[in-house]
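Student: here you go, sequence then predicted model.
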Amino acid sequence: MKMEILKRLQLPDHLKPLPSDEANLRFGDIYSDHMLLMDYFDGRWRNPRIEPFGPLLMSPAAMVLHYSQTIFEGLKCYRHSDGRLALFRPRDNFRRLNGSAERMAIPLLDDAFLLTALKELLKIDGRWVPSHPGSALYIRPFVIATEPHLGVRPAREYLFMIITGPVGPYYKEGFAPIKIFVESCYSRSAPGGLGAVKAGASYANSLLATEKAAQKGYTQLLWLDSCEHRFIEEVGSMNMFFVIDGKIVTSPLENGTILPGLTRASVLTVAAKLGLPAEERPLEITELIEAQKNGRLSEAFGSGTAAVISPVGLLHYREQDYTVADGQVGKITQTLYDELVSIQYGHKPDPYGWVEIID
């Protein structure tokens, strides 16, 4: 299938100009020259190809437009100081994509082939990978249901795509403490729902509450459980960690309401390697607030592909602001950020086998 992709390659008439200011790249506004596509019909995935980035032709009756049968992933390509391009845990991303596909009744994909195809795309569009510190090429694989049909059932036709584009920091604050609003009315996910899946519907559900928080001056929401609004779950774009009594605490994944973040898993692995105590356990919001009041909460941070690690300097809960780490970046947060970023950008050896060089 690798040769099939190359045979189907179509070059655009003119390559787009690269961004002139890599130091001020915004997240998700610029796209590279090409995209990768693959179709599903008659019971199998077929026709993999790389084409110029451009619009799609799709029926107004396409099922994705009516029943939100769509999933996605997010990963990055980094430029190392020697000029080589590198991916961070891409095999895990494609495995998780298939986990999302299974939950959303979408046909599974050959994850090994997807990685091969992605590397071909990146070889073609490698010039788009920025070199400015903190920048990277964001990669968005996704699947949409394209069958024109208005009955409620899983679609029988799909389109898989990968698009890419150069990005800077996800948050305008960069690696600086952000302010988080603790949401105690709306819910992100319930047990048995889509909380552990990167489905478009799951993110759409969070938009109204997130927008209301943004209007009040907060960067993100911290979601609580949907049953009692007692237990901490995650921020819409990040898994959350708190340092209480010197121990890193994060919510467990067992209920299926929290996305199994790859950066989350990386944080826990690196913490263990560095001898930083950590535990996955249920954490009530009241326990967290009490820990802040009596000085036992020393740090808070989120983790995700887009932001890597983002320190939290303030939590707002029930009309009250609670400052964390005096509004500064905590020592453990900084240590974990430095360690992960150094591995991603090739400044340090990768002892975990996470980095995949594109030859």
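Tutor: Here it is on my side, so go on.
Student: tell me the confidence at the residue sitting furthest away from the middle of the chain?
Tutor: Each residue of the chain has a distance to the centre, and by Cα atoms, centre = their mean the biggest one is for residue 294: 33.6 Å. pLDDT, residue 294: 97.
Student: before we move on, what about residue 4?
Tutor: At residue 4, pLDDT is 70.
Student: tell me the SS of residue 321?
Tutor: strand (DSSP: H, G, I helix; E, B strand; the rest coil).
Student: that one and residue 175, how far apart?
Tutor: 22 Å (Cβ to Cβ, to the nearest Å). In short, each C-beta sits where N, CA and C put it, glycine included.
Student: ok so, going back, how much space separates the residue farthest from the centre of the chain from residue 117?
Tutor: 53 Å.
Student: then stretch 114-131 to PDB, C-alphas only?
Tutor: Once non-C-alpha atoms are left out, stretch 114-131 reads as follows in PDB (Å, rounded to 0.1, in the frame of the first residue of the first chain):
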ATOM      1  CA  LEU A 114      -1.500   4.400   9.100                       C
ATOM      2  CA  LEU A 115       1.900   5.100  10.600                       C
ATOM      3  CA  THR A 116       3.600   4.200   7.300                       C
ATOM      4  CA  ALA A 117       1.200   6.500   5.400                       C
ATOM      5  CA  LEU A 118       1.700   9.300   7.900                       C
ATOM      6  CA  LYS A 119       5.500   9.100   7.400                       C
ATOM      7  CA  GLU A 120       5.100   9.400   3.700                       C
ATOM      8  CA  LEU A 121       2.900  12.500   4.100                       C
ATOM      9  CA  LEU A 122       5.500  14.000   6.400                       C
ATOM     10  CA  LYS A 123       8.300  13.300   4.000                       C
ATOM     11  CA  ILE A 124       6.400  15.300   1.400                       C
ATOM     12  CA  ASP A 125       5.400  18.100   3.700                       C
ATOM     13  CA  GLY A 126       8.500  18.100   5.900                       C
ATOM     14  CA  ARG A 127       9.300  21.700   5.100                       C
ATOM     15  CA  TRP A 128       6.200  22.700   7.200                       C
ATOM     16  CA  VAL A 129       7.700  21.400  10.500                       C
ATOM     17  CA  PRO A 130       8.900  24.600  12.300                       C
ATOM     18  CA  SER A 131      12.100  24.900  14.100                       C
END
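Student: mind listing what's buried along it?
Tutor: 114-115, 117-122, 124-126, 128-130 (16 or more other Cβ atoms under 10 Å).
Student: do the same with stretch 68-87
Tutor: Neighbour count says stretch 68-87 has 68-80, 85-87 buried, by 16+ other Cβ under 10 Å.
Student: secondary structure element for residue 232, which one?
Tutor: Assigned by DSSP states H and E, residue 232 belongs to strand 232-235.
Student: ok, for residue 245, nearest residue in space, not its chain neighbours?
Tutor: For residue 245, ignoring the flanking residues on the chain, the nearest one in space by Cβ to Cβ, 6 or more residues apart in numbering is residue 296 at 5.2 Å.
Student: my guess is that neighbour contacts residue 247. True?
Tutor: No - Residue 296 is beyond contact range of residue 247, at 9.9 Å (criterion: Cβ atoms under 8 Å).
Student: what is the nearest of the buried residues of stretch 68-87 to residue 34?
Tutor: Comparing the buried residues of stretch 68-87 against residue 34 with Cβ to Cβ places residue 77 closest, at 13.5 Å.
Student: and for residue 297, the neighbour number?
Tutor: Residue 297: 23 surrounding residues under other Cβ atoms under 10 Å.
Student: ah, wrong one, I meant residue 17
Tutor: With neighbours defined by other Cβ under 10 Å, the count for residue 17 comes to 6.
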